[in-house]
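Participant: I would like the atomic coordinates for the input below:
(one chain, ligands or ions: 1)
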Amino acid sequence: MTDVASVKSVEWKDDRLLLLDQTKLPVEVVVEEQTSVEQVWDSIKQLKVRGAPAIGVAGAYGLVVAMRGKRSLDRAAFLAELKKHAAYLDTSRPTAVNLSWALKRVVAATEASDASTGDDLFHVVTSTAVEIHREDIHICRQIGEHGVDLITEGMGILTHCNAGRLAASDWGTATAPMYVAHERGVPFSVYSDESRPLLQGSRLTAWELMHAGIDTYTITDNMAGFVMQQGLIDMVIVGTDRVAANGDVANKIGTMGVAILANHYGIPFYVACPFSTVDLATAVGKDIVIEERGEDEVTHFGLRRTAPEGIKVRNPAFDVTPNELVTGFVTDHGIVRPPYKENLQKLFG
Ligand code: MRU
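Facilitator: Numbering: from 1, shown residues only. Now for the predicted structure:
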């Protein structure tokens, strides 16, 4: 058994940024040092590092990597460079708000400091990235503490994609209540949707939960309705990339279908997220930019072509679940219930 708690999606070690290459899981555990901002951009784009909180943390450290060679600049030139690199990293993936949130936070903290030399400003960039990373671990644990009572003995829980340890700095979001319940000795089973096209559910969630000793099944996406109909599922819990002010939820493509099925079968549908995923500046879900990814992800299974040459393809990486299908948000501040517009504003405004 792999000790999954020791496998980190993002690590800052001896002033070096190390990212786990999640595209190689579950077959190989490969960690890559990131030596340039372009490499960090590419690692985010290619989903070597993925999951909303993890790409926020990786983006913040990406700025450290970018500014490492700029310490001799004066204040104005340093800040101009920092903003340029933040804007560049922000173009890697559009949907998860945590990336732009973390980049903005590093830029704002650096601008707010009264440091006058590039060297001192660089220390602010580094300490802010480290702070975001540490906070993420604490926040995810809090999500687990607030959500643990939703899990009762013998329950079947369905999740979609990977909102686990691998998608954050530790604990994950949707998985945090599972890890805390498991620590407390509560027995339960997890059904992890495969999550086509990139299989984050069967490659990543199934891997991390199974190695943590949690009773886990993986199913293909089209099996979710059947396992619900069979009475195997008592609760759905998923993560999210962005929550609009009205409580609409962007998450991995297929999430909305799961929410509709859960609603049909009267199964509670929870969304777990840190405060940084709630985007009060986006009023409703249809305003969220949905990433479209390359055609090969749909026309191929791994390296093998499975669709005809020349076929037209759509590949939206996320969908938006309407707020009325969400039973509650499990956050680091507690569980948020409807009406979401008022209650999200009260807690995070
Ligand atoms: O494309 P991915 O793998 O980055 O998508 C990840 C998800 O959709 C997760 O559910 C979401 O980021 C929440 S992670 C705690």
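Participant: what does the chain have sitting close to the ligand?
Facilitator: For the chain, the contact set with the ligand under Cβ under 6 Å from any ligand atom comprises 47, 50-53, 96, 161, 163, 167-168, 172-173, 200, 239-241, 251-252, 317. All C-beta atoms are positioned from the backbone trio N, CA, C, and that covers glycine.
Participant: got the residue ranges for the helices in the stretch 201-349 of the chain?
Facilitator: Remark: helices assigned in the stretch 201-349 of the chain by DSSP state H, counting those that start in this stretch are 206-211, 224-229, 255-264, 296-299, 340-348.
Participant: any chance of these in TSV, plus mean neighbour count?
Facilitator: Below are the helices of the stretch 201-349 of the chain laid out as TSV (neighbours: other Cβ atoms under 10 Å):
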stretch	mean neighbour count
helix 206-211	23
helix 224-229	17
helix 255-264	21
helix 296-299	16
helix 340-348	16
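Participant: which among those helices is found nearest to residue 105?
Facilitator: helix 340-348 (14.9 Å; Cβ to Cβ).
Participant: convert the C-alpha atoms of that closest one to CSV, please.
Facilitator: Provided in CSV are the C-alpha atoms of helix 340-348 (Å, rounded to 0.1, in the frame of the first residue of the first chain):
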residue,chain,number,x,y,z
TYR,A,340,-27.6,30.6,-1.2
LYS,A,341,-27.6,34.2,-2.5
GLU,A,342,-28.2,35.5,1.0
ASN,A,343,-26.2,32.9,2.9
LEU,A,344,-23.1,32.8,0.8
GLN,A,345,-23.0,36.7,0.9
LYS,A,346,-23.4,36.6,4.7
LEU,A,347,-20.6,34.2,5.2
PHE,A,348,-18.1,35.2,2.5
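Participant: list the contacts for the residue lying closest to residue 196 once chain neighbours are set aside?
Facilitator: Nearest residue to residue 196 in three dimensions, chain neighbours excluded: residue 221, at 5.7 Å (Cβ to Cβ, 6 or more residues apart in numbering). Applying Cβ atoms under 8 Å, 6 or more residues apart in numbering to residue 221 gives the contacts 160, 193-196, 254, 257.
Participant: ditto for residue 234
Facilitator: Neighbours of residue 234 in contact, by Cβ under 8 Å, 6+ apart: 152, 155-157, 267-268.
Participant: so which of these is the most crowded?
Facilitator: When neighbours are counted by other Cβ atoms under 10 Å, residue 157 leads these with 26 neighbours.
Participant: hmm, who's touching the host helix or strand of that residue?
Facilitator: If you go by DSSP states H and E, residue 157 is part of strand 155-159. With contact meaning Cβ under 8 Å, 6+ apart, strand 155-159 is reached by 151, 174-175, 178, 188-193, 201, 205, 224, 227-228, 232-238, 258, 262.
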